[in-house]
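[1] need a structure here:
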Amino acid sequence: MRVAITGAARGIGLATAKALKAKGAAVVIGDIDEEAVRSAAGELGVTGLGLDVTDRASFRDFLAGSGDYDVLINNAGIMPIGPVLEETEADARRCFDINVHGVMTGTKLALEKFIPAGRGHVVNVASVAGVLPTPGLALYNGSKAAVVAFTEAVRLEVRRHGVHVSAVLPSFTNTELVAGTRSPRGQKNCEPEDIAAAVVSLLARPRPQVVVPAALGPQIRSMPLVPQRVKDLLSRRLGLDTIFLEFDHGARKSYDERIRS
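    Numbering: from 1, shown residues only. From the prediction side, this is the model:
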């Protein structure tokens with residue numbers, strides 16, 4: 001198995017690269033931070049390439065440099081947080097360019113290769129935020145909801161060709177994306193390695209969608225049946241109504257500057 005992973009210089013992408021390499025896969029990682037991706041690739045012993053997922057030519061070059069890959073993991077993403085009225089137009093466009101259009105571009109380019117071959121697997125890293133709207137996370141919620149819907153629609157369209165398309169929905173994970181925030185009450189954050197393990201399992205046994213942690217899956221699927229007033233009460237009890245509105249700006253400064261540069 002040969003796997004290409006976007007946004008893999010750090011966090012979930014890098015953890016996934018490590019896990020797949022440990023399973024014997026040939027791995028190619030890409031990231032817009034060329035220095036970081038080459039450093040990570042050198043330490044891991046894999047190929048690292050510069051990649052701007054918002055640029056179709058850059059994405060095409062990355063996949064060409066990945067050789068005869070049979071798996072694409074669209075992992076690159078950013079998470080601006082805060083009150084909706086403080087979200088700038090630049091933040092909105094960049095978030096959707098990376099989180100949504102980047103996933104769409106990568107998926108389409110991979111399918112151009114996979115469909116004629118009658119095999120291949122596209123894994124899109126979405127988020128539980130794509131199905132659970134949260135105050136202070138409107139922009140990210142919208143982008144990940146788009147990824148969830150896009151992935152399922154494409155899966156249904158191409159399954160007759162022998163190609164798999166899946167979504168991974170992580171909950172709170174200890175990466176830079178949640179810097180300066182607190183965990184929901186009573187919930188332990190996932191580690192990047194937990195998401196990586198879920199991806200490895202998904203590639204071994206393809207499914208339309210996996211939620212991490214797995215125990216959260218039944219709750220997510222049952223939410224459409226829950227009355228709105230109960231959802232609102234649960235949100236307050238977990239602290240979800242303030243987590244992304246009341247956070248440590250200083251602790252997020254480095255991350256926020258990087259995703260806007």
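[2] and the helix or strand hosting residue 141, what other elements does it pack with?
    Taking DSSP states H and E as the definition, residue 141 sits inside helix 138-158. If contacts are counted by 3 or more C-beta pairs under 8 Å, 6 or more residues apart in numbering; DSSP states H and E, helix 138-158 sits against helix 89-96, helix 102-117, strand 121-125, strand 164-170, strand 209-212. For glycine as for every other residue, the C-beta is placed from the backbone atoms N, C-alpha and C.
[3] try 7 Å this time
    Counting contacts by 3 or more C-beta pairs under 7 Å, 6 or more residues apart in numbering; DSSP states H and E, helix 138-158 is packed against helix 89-96, helix 102-117, strand 164-170.
[4] would you format these as a markdown table with mean neighbour count included?
    What follows is the helices and strands packed on helix 138-158, written out as a markdown table (neighbours: other C-beta atoms under 10 Å):
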| stretch | mean neighbour count |
| --- | --- |
| helix 89-96 | 14 |
| helix 102-117 | 19 |
| strand 164-170 | 24 |
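[5] could those go into CSV alongside mean pLDDT and distance to residue 150?
    CSV is the format used below for the helices and strands packed on helix 138-158 (pLDDT from 0 to 100; distance: least, C-beta to C-beta, whole Å):
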stretch, mean pLDDT, distance to residue 150
helix 89-96, 96, 12
helix 102-117, 98, 6
strand 164-170, 98, 9
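[6] chain center to the helix holding residue 141, what's the gap?
    The chain centre lies 11 Å from the centre of helix 138-158; the measure is C-alpha atoms, centre = their mean, to the nearest Å.
[7] check which helix or strand covers the residue of the chain positioned farthest from its centre.
    Largest separation from the mean C-alpha position in the chain: residue 229, at 29.7 Å (C-alpha atoms, centre = their mean). Taking DSSP H and E as the definition, one finds residue 229 inside helix 228-238.
[8] what sits up against the very next helix or strand once past that helix?
    Downstream of helix 228-238, the first helix or strand assigned by DSSP H and E is helix 249-260. Residues outside helix 249-260 that contact it (C-beta atoms under 7 Å, 6 or more residues apart in numbering) are 78, 80, 176, 179, 180.
[9] against residue 102, how distant is residue 158?
    For residue 158, the distance to residue 102 equals 19 Å [C-beta to C-beta, to the nearest Å].
[10] please read off the pLDDT at residue 137 from the model.
    According to the prediction, residue 137 has pLDDT 97.
[11] residues contacting the closest residue to it other than its chain neighbours?
    Nearest-residue entry for residue 137: residue 244, 4.7 Å, with adjacent residues in sequence omitted and distances by C-beta to C-beta, 6 or more residues apart in numbering. Residues counted as contacts of residue 244 (C-beta under 7 Å, 6+ apart) are 81, 82, 134, 135, 136, 137, 181.
[12] residue ranges with poor pLDDT in the stretch 1-150 of the chain?
    For the stretch 1-150 of the chain, no stretch is flagged by pLDDT under 70.
[13] coming back round to it: sort out for me which of the contacts of residue 244 are in strands.
    Nothing among the contacts of residue 244 maps onto strands, per DSSP state E.
[14] got these as a markdown table, with distance to residue 259 and neighbour count columns?
    Below are the contacts of residue 244 laid out as a markdown table (distance: C-beta to C-beta, whole Å; neighbours: other C-beta atoms under 10 Å):
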| residue | distance to residue 259 | neighbour count |
| --- | --- | --- |
| 81 | 11 | 24 |
| 82 | 13 | 18 |
| 134 | 19 | 20 |
| 135 | 20 | 15 |
| 136 | 16 | 23 |
| 137 | 15 | 24 |
| 181 | 15 | 21 |
